[in-house]
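Student: Could you look at this predicted model? Sequence included:
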Amino acid sequence: MVSVQARTNGVAAALSAAALAALLTGCSGAAPAPEAAAPAPASASATGDRAHELEQLRAAIAAPAQPFSAALGVESQDDRNHVRGNGTVNVSDVQTSAMGLHSLTKDGLLTLNVTTTRDAVYTQVDGAAWQKHERQPGSVLVIDHRPLVQTLLQRGPDAYRGLQKLRGMNGGTAYHLVGELPVAEVADALGSTLRQQIAEHRIEQCDTDLLVDSAGRLSRLELTCAGDGYRAVSSLNLGEYGPSSDVPPPSDL
């Protein structure tokens, strides 16, 4: 029988680094996962003014990033693991988060709650007592998407697919970009297990699907890395943006 600790470590390795690029990946919490954006129209742009939209997108990406909090949804899947979770994240100088995660592997279903504060990571496995772990310095929960946007835009006009409506309480629209990116450029958005598998199968490119809201914030990042009979998909969704507020430790320690 696989131990709880071993199963926990397996979940941590499988998760998207965008959820937590630390020893134990994830969070705890119960905020609903952001809803996906409405499907893109067949036309390149809802307004018909691609040049103006691209100008606005570049300006939003170039502007200084502002701290914010958001509802967070993550999912990571390959032929060995399927992990899904949702919660909240605060994107600031030091990112914090609280999430609930479910992992399905050959060893069964595992429920993992993780709260990441400025200086610690708290984990709870299958309802057991919380455990406190030292947080790795410099660990990032939500990667900086702006370099990915810039790279896609440099590839040519076909990378921009127009505007999409964002669902949820806040609504609004998002800029939609797609294209292949080198694995090295998106590695920080993949968990260590996926990175290892991708390297073993010598996959060099990942299909990238990005949504960026009107304020330049990441709304969705989906990566599909396939080749040599292997396929991994990792996604992150943000929504319901609000003022920056650090996530505190669990209240039931």
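Tutor: Perfect, thanks for sending it. Here the structure is a predicted model, which means the values were calculated and not measured. Residues are numbered from 1 along each chain as shown.
Student: Tell me, what's the model's pLDDT at residue 88?
Tutor: Residue 88 is assigned a pLDDT of 97 by the prediction.
Student: Test my guess that it contacts residue 73.
Tutor: No: Residue 88 sits out of contact with residue 73 when judged by CB atoms under 8 Å, with a separation of 10.5 Å. All C-beta atoms are positioned from the backbone trio N, CA, C, and that covers glycine.
Student: Can you mark which positions in stretch 72-82 are buried?
Tutor: Residues of stretch 72-82 classed as buried under the neighbour-count rule (16 or more other CB atoms under 10 Å) are 72-78, 81-82.
Student: for residue 78, what are its contacts?
Tutor: The neighbourhood of residue 78, defined by CB atoms under 8 Å, 6 or more residues apart in numbering, consists of 194, 197, 230-233.
Student: Now the two most distant members of those.
Tutor: Checking these against each other with CB to CB, the farthest-apart pair comes out as 197 and 233, at 12.1 Å.
Student: More neighbours: which of those two?
Tutor: Neighbour count, other CB atoms under 10 Å: between residue 197 and residue 233, residue 197 has more, with 21 against 18.
Student: which element is that one on?
Tutor: Secondary structure here is read from DSSP states H and E; on that basis residue 197 sits in helix 192-200.
Student: Tell me which helix or strand comes right after that helix.
Tutor: Under the assignment DSSP H and E, the closest C-terminal helix or strand after helix 192-200 is strand 205-213.
Student: What is the next helix or strand after that following strand packed up against?
Tutor: As assigned by DSSP H and E, the chain's next helix or strand after strand 205-213 is strand 218-227. Helices and strands touching strand 218-227, as assessed by 3 or more CB pairs under 8 Å, 6 or more residues apart in numbering; DSSP states H and E, comprise strand 205-213, strand 230-242.
Student: Buried residues of the longest one, list them for me.
Tutor: Translated: strand 230-242. For strand 230-242, the neighbour count (16+ other CB under 10 Å) marks 230, 232-241 as buried.
Student: one step back: kindly reformat the contacts of residue 78 as a markdown table and extend each row with distance to residue 185 and pLDDT.
Tutor: Below are these laid out as a markdown table (distance: CB to CB, whole Å; pLDDT from 0 to 100):
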| residue | distance to residue 185 | pLDDT |
| --- | --- | --- |
| 194 | 15 | 85 |
| 197 | 18 | 90 |
| 230 | 19 | 94 |
| 231 | 19 | 95 |
| 232 | 16 | 94 |
| 233 | 17 | 95 |
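Student: quick one on the thing from earlier: just the angle for the helix holding residue 197 relative to strand 205-213, thanks.
Tutor: Between helix 192-200 and strand 205-213, the angle comes out at 140 degrees (axes from the mean of the first three to the mean of the last three CA atoms, to 10 degrees).
Student: Could you tell me the angle between helix 192-200 and strand 230-242?
Tutor: Angle of helix 192-200 versus strand 230-242, following the same axes, to 10 degrees, is 140 degrees.
Student: could you check the angle strand 218-227 makes with helix 192-200?
Tutor: Comparing the axes of helix 192-200 and strand 218-227 via the same axes, to 10 degrees yields an angle of 40 degrees.
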